[in-house]
Structure formats: structure tokens, C-alpha cells
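Visitor: Fold the following, please.
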Amino acid sequence: MRILISYLSIVFLCYSTIGADFSVFEKDGRFGIKDGAGAVTIPAVYEKLGWSTGDQVVYEGVIGFRRDGLWGLVSIKNKILTENKFYTLSTFDDGLLLASIKGRFSNHLFHGILNPDGEVKISFNYFGLKRLENSFVATEFDQYRLKVGLLSGENTVLIPIKYKSITSVNNWFVAERFDQRKDVYLGDQLITQNLDSVRSSIGFVAFKNGLAGYFDKKGVQKYPFEFKNIQVTDGKVQTDNFPFWEVFEKESKVLEKNCDSLSVDDGLWTMHLNGAKHKVFPTDQFKVPTKYELQEVVNDNLIVRHIKTGKWSVLDYSGKSIVQDQDSIFASGSHYIVKYDGKWNLYNGFGTKVNRLPLQSLKTGVGNHFMAQRNNYWGVIDFSGKTYINFKYDSLDIAGDLYIAKFHSKWGILDKHGNWKIYPEFAEFRVYQELIVGRKGAAYSYFNRDQLLYKTTFHIEGQLGSSFIIKDEEEHLGLLAPSGTIISYPSFTSIKRIGDYFVLSDSSFTNLADIEGKVLVSGEQAYEDFGEVGEDYISARRNGRWGFVDSQGRLRVSNRYENVQAFQEDYAAIKLRGRWGFIDKSETLKVQPHYEEVSSFRKGLAIVKENEHFGIIDKDGEEIIAAIYQDIGRSANGNYYLTNDQGLIGLADENGSFILRANFASLLDLKDEILVKVNGKMGVLDYQGNQKFKISYSAITEQKGYLLLRR
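Guide: Presented below is the predicted three-dimensional model:
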């Protein structure tokens with residue numbers, strides 16, 4: 001008897017093991033399930049068994065069935081757990097299932113999570129669901145974009161569904177906003193917001209507006225946002241401070257800040273902090289609440305950004321709010337273009353929203369009007385928010401005081417009132433100030449504003465000064481004036497501009513033309529190239545030798561030189577037998593050619609190179625500074641930097657007299673003062689060599705008349 005019981009136990013164990021291996025089978029076009037022993041556990045009565053992904057595996061003792069095109073859930077004992085009501089049904093993870101239903105008022109699918117008993121764990125309200133740690137990232141869709149949030153396994157909202165993306169870093173959830181800023185959550189608790197970036201460690205280092213702060217693993221901020229960087233090594237926190245800068249105007253200190261660098265525009269300063277920009281204004285000029293950071297002064301009002309939330313507002317000079325808590329604000333005339341939650345609105349200078357319905361996009365139009373997008377179509381509203389040009393265009397842009405409009409996939413030109421000046425029949429338009437080019441197939445129409453100039457097959461290839469290079473279908477090049485007038489028809493292989501002249505070349509000839517296209521030197525004169533322009537003389541090459549023609553194209557200096565430089569102060573540098581000298585405009589040799597290199601003359605002096613060293617000569621060829629320097633260069637103020645063989649720099653004035661001997665590692669000549677560097681430290685000297693600022697700073701720069709000194 002005991003033997004029989006043992007035998008039956010073994011058989012039962014084997015059967016149970018085999019029975020756990022289920023497989024889908026087909027009979028007469030219907031599907032069922034057999035266990036590992038071949039016994040039918042679900043008869044072949046279903047349209048399909050498996051999952052909407054195509055898999056046919058039993059999962060947690062259940063499998064999907066399809067009937068009438070919809071999916072339901074059945075156990076391996078053939079118990080219907082849910083009716084066939086899902087458009088998709090698939091395995092998820094952790095013993096859960098992902099299903100979807102169709103929305104009541106749309107064809108969108110809404111997803112939810114089921115357990116193997118068919119009970120709803122996450123409600124069917126979401127465009128998408130995916131696992132993140134022990135929670136679920138849920139996706140919703142509004143009229144404009146997809147948004148995500150975080151749900152717990154109990155279907156409660158941990159992080160609001162308003163973000164672009166959510167990631168997890170060491171138990172922290174980093175939620176990226178649509179303005180690329182980041183908020184950090186610990187579970188459902190918002191720890192900090194409006195961050196540039198987050199770096200996880202024991203706790204995490206966060207950057208806000210370029211400033212680093214530190215939070216411990218419980219989410220408590222231990223270090224405020226005021227550091228350049230924070231490192232955590234073996235549990236120890238190390239902070240790096242920003243450099244300290246002082247700004248002087250002449251002898252007066254106007255500003256001191258800790259930052260990477262400073263820049264100035266119209267007397268208003270910007271601090272640069274780890275790539276972020278902070279405006280710096282005279283604090284006694286504006287009354288800005290401490291919770292805001294001033295961004296811009298426009299229309300006698302202040303555009304500010306909330307330090308904590310990153311939201312934008314407009315305040316008056318007293319600090320009273322005009323427009324409050326927006327995602328972004330742009331001033332346009334007396335109005336403000338405002339973005340909030342992906343939608344755009346127009347506010348007047350009194351803080352009143354003037355458009356009735358929110359807009360998909362909004363930008364400055366012609367005059368005091370605004371281009372706007374609504375229901376995927378573009379139109380124009382006036383300063384009071386009323387429709388001025390109807391919303392019916394695929395696209396809209398400005399061309400001076402006109403609009404370039406795309407209508408039913410074709411482009412045309414509207415006047416500022418919305419009347420067609422050029423009917424929409426073009427595949428594209430390109431705007432070059434007042435010149436507008438429309439393309440229709442391989443043909444181009446050129447307009448000056450709305451006036452047709454001509455139709456042709458050539459197109460604009462690029463810009464050369466204020467003129468345009470054009471190219472035809474055979475790859476030949478020509479020139480257009482800014483107004484669209486043809487300077488030269490396409491017939492050249494290369495075009496360059498020298499001064500107020502054009503050099504137009506083909507494989508067999510080169511022309512020199514003035515700015516209006518008048519040919520001064522034609523190809524019949526056999527010039528190969530034209531080079532530099534100076535004092536109405538243009539260097540010209542013929543038979544491999546250089547000379548000069550004048551502004552009328554007449555030969556003034558014979559083509560006898562290996563190379564030349566432009567005339568300056570009535571002298572031109574010429575090269576003969578590998579050496580440089582100087583001639584005047586009558587081609588009289590003024591300085592014998594025996595130098596390796598020369599510069600042009602400036603205030604009667606020229607830099608020359610002799611025996612691998614540089615010096616300075618006058619127009620008579622007399623040596624003013626001996627050729628003993630490794631390098632000599634002119635400063636913007638007309639003085640001369642002198643670098644000796646040890647790499648040390650000095651300074652001579654425009655007459656060649658020494659200001660500073662070559663004793664400095666670096667030197668910058670400013671007006672009335674000189675920045676110098678010695679032994680890794682910088683200072684400021686006057687032209688007599690006296691220290692205006694001691695040589696004790698790590699860096700000194702000059703901007704628009706201000707001196708910036710870094711400790």
C-alpha cells in the first residue's frame with residue numbers, strides 16, 4: 001500500500017510539472033490550450049489566444065482571448081476573467097497586464113493596468129504607461145503635446161502629469177519641463193524646482209541658473225545655490241566658489257561680483273555663471289522684490305524671473321505686478337508676447353490680455369500688429385487682439401512691410417492689410433531684405449518688394465558684400481545688386497570682391513568691374529588676376545608678374561614684380577628676386593628690395609624682417625628700431641608690440657620710441673593704459689610705466705572702456 005501511494009505521488013508530481021507547460025493549439029480555425037501532458041484545459045473555441053503583441057504564452061496562469069476583434073482575459077481553467085472589451089492586451093511586468101480601450105469621444109486608445117484576476121490597478125485614462133522603479137509613468141495628451149506624470153501602484157498621482165519626461169536617479173525622480181528646466185521629487189514630495197541640471201551622489205547636486213547647491217538623501221538642502229561646483233567624495237562635500245571680479249571705469253569701481261565672467265551692453269551688465277546669464281543692474285535704480293531676478297528693462301517696466309519657480313512676470317518700477325507667473329515673456333513694442341503651458345497670449349502695457357482665445361503661436365508682425373496661429377492656421381491680430389487678417393494661411397512671415405503667406409500649399413505675397421499683391425502660385429519664397437525670390441518648378445521670379453523685375457532660371461547662390469552671386473542651370477556665376485538689378489549675367493566660373501570692385505573670371509579670361517558692373521579691365525587685356533586695392537590703385541597680374549592699374553583700368557605701374565602689396569601713404573611694397581622693397585606711384589624705387597618681409601607704411605613707419613628678425617624703418621629706409629626682435633606687431637592704437645627672442649614683450653609708440661622694454665609675458669595696449677602680465681599675475685600700467693593697478697590679479701580684461709579685474 002505504501003508502495004502504491006509513493007508511486008501515485010511521483011505520478012502526480014510529474015503530471016503537475018508537465019502540466020505547468022501550456023501551449024496554444026489550433027483546431028478547425030479556432031484556438032485552445034493544452035497542458036504539458038497534452039490534456040485540453042481550454043477548448044478550441046476562441047478566435048485567437050495570446051496577446052495583441054503576437055505572443056502566445058500563458059502569463060501568471062492567464063492568457064488573452066480575442067473575440068469579434070476585441071480582447072478579453074481567460075484563466076487556464078477556462079474561466080472568463082474579463083469580457084472582450086480591450087483593443088490591445090499584453091503582458092507588462094511584475095505579474096501585471098497592459099490593456100487599452102477606445103475613448104468615448106475620439107479614436108484614441110487609453111491604457112490601463114490589470115492584475116491577473118482582471119482587476120483594474122491603474123485606470124484607463126492614459127495615452128501610455130510604462131514602469132519606472134516601483135511606479136508608473138503615465139502619459140496624457142492635450143491639444144498641443146504629450147505630457148507625463150508619475151503614478152503609484154495604487155493609482156494615486158505622485159508627480160503631476162505636466163512634464164516632458166521623467167527619469168529616476170538613485171531614488172530621486174527628475175521631471176523635465178517643456179522649458180527644459182527640471183524639478184526633483186522624492187516620492188510625491190517636490191524637493192526643488194526650476195533647475196538647470198541634476199547630478200546624483202549621496203543626495204544630489206543641483207544647478208539652478210548656473211549656481212550649484214546640495215541636498216542630502218532626505219531631500220534637505222544643506223548647501224544653498226551659490227557655488228560654482230560641488231563635489232561629493234566618500235561622503236564629504238567640497239565646494240568651489242566663483243572667481244571674484246571687480247569692474248572699474250577709469251579709477252572708480254562700478255561693480256564687484258562672484259562669477260565666471262562679466263559682459264556689458266549699453267552700461268548694463270551680465271554675469272555668466274556655468275553657462276547661465278544673470279542681468280546685473282544698479283540696485284538703487286529699481287525696486288525689485290528679492291524673490292525675483294531682473295532680466296530686462298523694457299517700456300519703463302521690468303521683466304523678471306521668479307528665483308524659485310522660474311516663472312516670468314512684468315513689474316512696474318515700484319515692483320507692482322503687471323503680468324504674472326508665465327513660462328516666458330517677450331516685449332514687442334508696447335505689448336508683451338506671453339507663453340503659458342504651451343499656449344500664447346498677447347498682453348498690453350497695462351497687463352490686460354487682449355486676445356479672447358489662446359493661440360498656438362504668436363510673433364511680431366508688421367507695424368503694431370502680430371502674426372498668430374489658431375487651429376493650425378495663421379492670421380494677424382491687431383494691438384487690441386482683434387482679428388485683422390483672417391486665420392486661413394498655412395504659414396506666415398514678414399518681408400519688410402509685407403507678408404509672405406502660404407495658402408493651400410502655395411506661396412504668395414500679402415500687403416499689411418491682407419490683400420494679395422502676388423497671388424499664391426509659388427513653391428517657395430526667399431526673402432533678401434527688399435528682394436524677394438519666388439520659385440515655381442525650375443523657374444525663378446524676382447521681385448523688388450511686390451514689383452516683378454523678371455523671370456529667369458538662375459537662382460541666388462550666396463552673398464558677396466551687399467550684392468548677390470547668382471548661378472544658372474549650367475553652373476555659371478553672375479552678380480545681382482541688392483535691389484535685384486543684374487550687374488553681370490551668369491557667365492563666369494569664379495567671382496570675388498576686392499574693395500569696391502569685382503573680379504570675374506572664366507577659364508580663359510578675367511574682368512575687373514566696378515560696383516555697378518561696369519567693366520574697367522576686360523579679358524582682352526590678358527590679366528590673370530587682381531589683388532589688393534589702395535589709394536585708387538589696384539594690383540594686377542599679367543604673365544605671372546604684378547603691377548598696378550588705376551580706378552579707370554589704366555596701367556600705372558608695369559607688370560614686372562614677383563608680388564606687391566596695396567599702396568598706403570603713397571608707397572607700395574614690391575618683391576624682386578625674392579626680396580621686398582618699396583616704390584612710389586611714379587614707380588620710383590624708394591627703399592631697396594633686400595628685406596625678407598615688410599608691412600605697409602603707417603604714419604611714416606613700416607615693419608621689416610631682416611636676418612630672421614624684425615625691426616622698423618622710415619620712408620627713407622632708415623632704421624628706427626633695430627631688427628633684433630622675434631616679432632613686431634601694430635596695436636589698435638598705432639603703437640608697436642615688440643617680442644624678443646625670450647618671448648617677452650615690450651611696447652614702442654607710433655614714432656618708434658620705447659614706452660616699455662620687453663620684460664612682460666603678455667601685454668595689451670589700451671588707450672591711455674597698458675595691461676601687463678609678469679610671473680602669472682596681471683596689472684595695469686600707464687604710458688609712463690607707473691602701476692595704476694598693482695600686478696597682483698589673475699586676469700584682467702577690457703570691455704567698452706571698462707576694466708574687469710579678477711582676483
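Visitor: where does this structure dip in pLDDT?
Guide: By pLDDT under 70, the weakly predicted segments of the chain are 1-20, 143, 281-288.
Visitor: Skipping its backbone neighbours, what lies nearest G621 in space?
Guide: Of all residues not flanking G621 in the chain, V591 sits nearest, at 4.3 Å (Cβ to Cβ, 6 or more residues apart in numbering). From N, CA and C alone the C-beta is placed, and that goes for glycine too.
Visitor: so the one you found touches E623, yeah?
Guide: No. Using Cβ atoms under 8 Å, V591 makes no contact with E623, being 11.5 Å away.
Visitor: which residues do those two both contact?
Guide: Shared contacts of V591 and E623 (Cβ atoms under 8 Å, 6 or more residues apart in numbering): I617.
Visitor: and stretch 513-521, how far from the chain's centre?
Guide: 40 Å (Cα atoms, centre = their mean, to the nearest Å).
Visitor: same question but for stretch 675-692, I mixed them up
Guide: A distance of 39 Å separates the C-alpha centroid of stretch 675-692 from that of its chain, computed with Cα atoms, centre = their mean.
Visitor: Distance of H459 relative to A566?
Guide: Between H459 and A566 the distance is 34 Å, computed by Cβ to Cβ, to the nearest Å.
Visitor: Kindly report the same for V519.
Guide: Shown here: V519 relative to A566, a distance of 22 Å by Cβ to Cβ.
Visitor: Equivalent analysis for Q324, please.
Guide: In this structure, Q324 and A566 are 61 Å apart, going by Cβ to Cβ.
Visitor: which residues in this structure form helices?
Guide: Taking DSSP state H as the criterion, the chain carries its helices at 2-19.
Visitor: Please name the spatially closest residue to I607 (chain neighbours excluded).
Guide: Beyond its immediate neighbours in the sequence, the residue positioned closest to I607 (Cβ to Cβ, 6+ apart) is S599, lying 4.1 Å away.
Visitor: burial count for K85?
Guide: 14 (other Cβ atoms under 10 Å).
Visitor: Please read the previous query as pertaining to D450.
Guide: Neighbour count for D450, taken as other Cβ under 10 Å: 16.
Visitor: thought it was touching L414?
Guide: No. Using Cβ under 8 Å, D450 is not in contact with L414, being 9.2 Å away.
Visitor: what pairs with L362 across the strands?
Guide: In this entry, L362 is beta-bridged to A372, by DSSP bridges.
Visitor: For it, which residues are in contact?
Guide: With contacts taken as Cβ under 8 Å, 6+ apart, L362 has the following neighbours: I337, W344, N345, L346, F370, M371, A372, Q373.
Visitor: Then E256?
Guide: F244, W245, E246, V247.
Visitor: The same query, at a cut-off of 7 Å, please.
Guide: By Cβ atoms under 7 Å, 6 or more residues apart in numbering, the contact set of E256 is W245, E246.
Visitor: picking up where we left off before, quick one: which of V591 and E623 has more around it?
Guide: Neighbours per residue, other Cβ under 10 Å: of V591 and E623, the larger number sits with V591, 23 against 13.
Visitor: Can you get me a residue count around the spatially closest residue to Q592 that is not a sequence neighbour?
Guide: Closest residue to Q592 apart from its sequence neighbours, by Cβ to Cβ, 6+ apart: G581 at 5.2 Å. Here the number of neighbours of G581 (other Cβ under 10 Å) works out to 20.
Visitor: just checking, G581 touches Y571?
Guide: No. The pair G581 / Y571 is not scored as a contact, 9.9 Å apart, by Cβ atoms under 7 Å.
Visitor: so the residue nearest to G621 makes contact with G581?
Guide: Yes. Contact between V591 and G581 holds when scored by Cβ under 7 Å: they sit 4.7 Å apart.
Visitor: Overlap in contacts, those two.
Guide: Once Cβ under 7 Å, 6+ apart is applied, it turns out that V591 and G581 contact no residue in common.
Visitor: Check the separation of the first and last residues in stretch 372-388.
Guide: Separation of the first and last residues of stretch 372-388 by Cα to Cα, to the nearest Å is 10 Å.
Visitor: and D341, what does it touch?
Guide: Counting by Cβ under 7 Å, 6+ apart, D341 touches D327.
Visitor: ok, 8 Å please
Guide: K162, D327.
Visitor: Over to I230?
Guide: Taking Cβ under 8 Å, 6+ apart, we find I230 in contact with V205, A212, G213, Y214, Y223, V237, Q238, T239, D240.
Visitor: Tell me what it is bridged to.
Guide: According to DSSP bridges, the partner residues bridging I230 are T239.
Visitor: ok, it to S261 distance?
Guide: Using Cβ to Cβ, one obtains 20 Å as the distance from I230 to S261.
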